[in-house]
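Asker: predicted model, plus sequence, below.
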Amino acid sequence: MILQEADNELTIDCLLLAGRIMIESGAETYRVEDTMLRMAQSQNMLDAQCYATPTGIIFSLGKTQPTRITSISNRVTDLQKIALVNSVSRRLTSHIITLDEAHDELKSIQKTNYFLPIYMQVLSAALASGCFLIMFKGGWSDFPAAFIAGGLGFLVLVWMNYLTKVKFFSEFTASLIIGLMAFFAVKSGYGAEIDKIIISSVMPLVPGILITNAVRDLMAGHFMSGMAKGAEAFLTAFAIGAAIAVILSF
């Protein structure tokens, strides 16, 4: 009896850890629930129940088992971690690895930082901004302005996130800096089309994956999660738009 309870606790810990990593990394809610239930079924826990939201997970192995809840406060976009958790899940359900091995791998995934160094992220954002400018049929003469504005805006976003831990304030401040950089670039003669410089420079801040996940959750019937993610995406878009509006109004 004691051994069975210990096995159940390990199963719950492993499944909650998998779900937590996926939600914190930006996975869709329906994907999280499907992954956790498949992992539970691989351990002959056929009565398992799971309810996931962007801010928490409720999980139980059955009617006679205690229900566990875990809260989630931080969410980023890390597709590498989602792919690794999916790989662990597939190997567990195929009985290639044991539950203990899966739990150890998940703990390693949770502790590992797969993000590129900050300078690489800033450089990537700058290059993406410049490429978006060309894609939006902007002139090559505006490429340096978009490159600098996009990179500096992303750097401010990372810095403000570190200082304040308030996502929407960070996005507002970053967009404000981008608008100022675009304005001064055009004013000083280093840029020609302020609208295309701004649009291309804020693209690294746009919540594209969040919007996609919101739509996919809604289509999968997870209306609460879909609406929550949609609201978060709307607030991000509002922060970006409000900051640019402030700059253009002056």
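Answerer: Yes, it's here.

Asker: where's L163 relative to V156, distance?
Answerer: Counting by Cβ to Cβ, to the nearest Å, the gap from L163 to V156 is 10 Å. C-beta here means a position set from N, CA and C on the backbone, and glycine is covered the same way.

Asker: over to I97?
Answerer: From I97 to V156 the distance is 43 Å (Cβ to Cβ).

Asker: the two: which is more packed in?
Answerer: V156 (19 against 16; other Cβ atoms under 10 Å).

Asker: who touches the helix or strand containing the more buried one?
Answerer: Using DSSP states H and E, V156 sits in helix 143-164. Around helix 143-164, the neighbours that count as contacts under Cβ atoms under 8 Å, 6 or more residues apart in numbering are 118, 121-123, 125-130, 132-134, 138, 166-167, 169-171, 173-175, 177-178, 181-182, 185-186, 190-191, 196-198, 200-205.

Asker: how distant is stretch 55-72 from the center of its chain?
Answerer: On the basis of Cα atoms, centre = their mean, to the nearest Å, stretch 55-72 is displaced by 23 Å from the centre of the chain it belongs to.

Asker: if we can go back for a sec, is there a quick PyMOL command that grabs whichever of the contacts of helix 143-164 are buried?
Answerer: Of the contacts of helix 143-164, the buried ones can be selected in PyMOL as follows, counting by 16 or more other Cβ atoms under 10 Å:
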select buried, resi 121+122+125+126+128+129+130+132+133+138+167+170+171+173+174+175+177+178+181+182+185+186+191+196+197+198+200+201+202+203+204+205
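
Asker: picking that back up, for the helix holding V156, list the C-alpha coordinates in PDB.
Answerer: Presented in PDB, the C-alpha positions along helix 143-164 are these (Å, rounded to 0.1, in the frame of the first residue of the first chain):
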ATOM      1  CA  PHE A 143      17.100  49.700 -43.000                       C
ATOM      2  CA  PRO A 144      19.700  51.100 -40.500                       C
ATOM      3  CA  ALA A 145      17.000  53.000 -38.700                       C
ATOM      4  CA  ALA A 146      14.800  49.900 -38.400                       C
ATOM      5  CA  PHE A 147      17.800  47.800 -37.400                       C
ATOM      6  CA  ILE A 148      18.800  50.100 -34.600                       C
ATOM      7  CA  ALA A 149      15.200  50.800 -33.400                       C
ATOM      8  CA  GLY A 150      14.200  47.200 -33.400                       C
ATOM      9  CA  GLY A 151      17.400  46.000 -31.500                       C
ATOM     10  CA  LEU A 152      17.200  48.800 -29.000                       C
ATOM     11  CA  GLY A 153      13.500  48.300 -28.400                       C
ATOM     12  CA  PHE A 154      14.100  44.600 -27.700                       C
ATOM     13  CA  LEU A 155      17.000  45.400 -25.400                       C
ATOM     14  CA  VAL A 156      14.700  47.800 -23.400                       C
ATOM     15  CA  LEU A 157      12.000  45.100 -23.300                       C
ATOM     16  CA  VAL A 158      14.500  42.600 -21.700                       C
ATOM     17  CA  TRP A 159      15.900  45.200 -19.300                       C
ATOM     18  CA  MET A 160      12.500  46.400 -18.100                       C
ATOM     19  CA  ASN A 161      11.200  42.800 -17.700                       C
ATOM     20  CA  TYR A 162      14.200  42.200 -15.400                       C
ATOM     21  CA  LEU A 163      13.600  45.400 -13.400                       C
ATOM     22  CA  THR A 164       9.900  45.500 -13.100                       C
END
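
Asker: please report phi then psi for I58.
Answerer: phi -110, psi 130 (degrees, to the nearest 10).

Asker: for the closest residue to it other than its chain neighbours, helix, strand, or coil?
Answerer: Once flanking residues are discounted, I58 sits nearest to Y51: 4.4 Å by Cβ to Cβ, 6 or more residues apart in numbering. Following DSSP: H, G, I helix; E, B strand; the rest coil, the label given to Y51 is strand.

Asker: still on that earlier bit, of the contacts of helix 143-164, which belong to helices?
Answerer: 118, 121-123, 125-130, 132-134, 167, 169-171, 173-175, 177-178, 181-182, 185-186, 196-198, 200-202 (DSSP state H).
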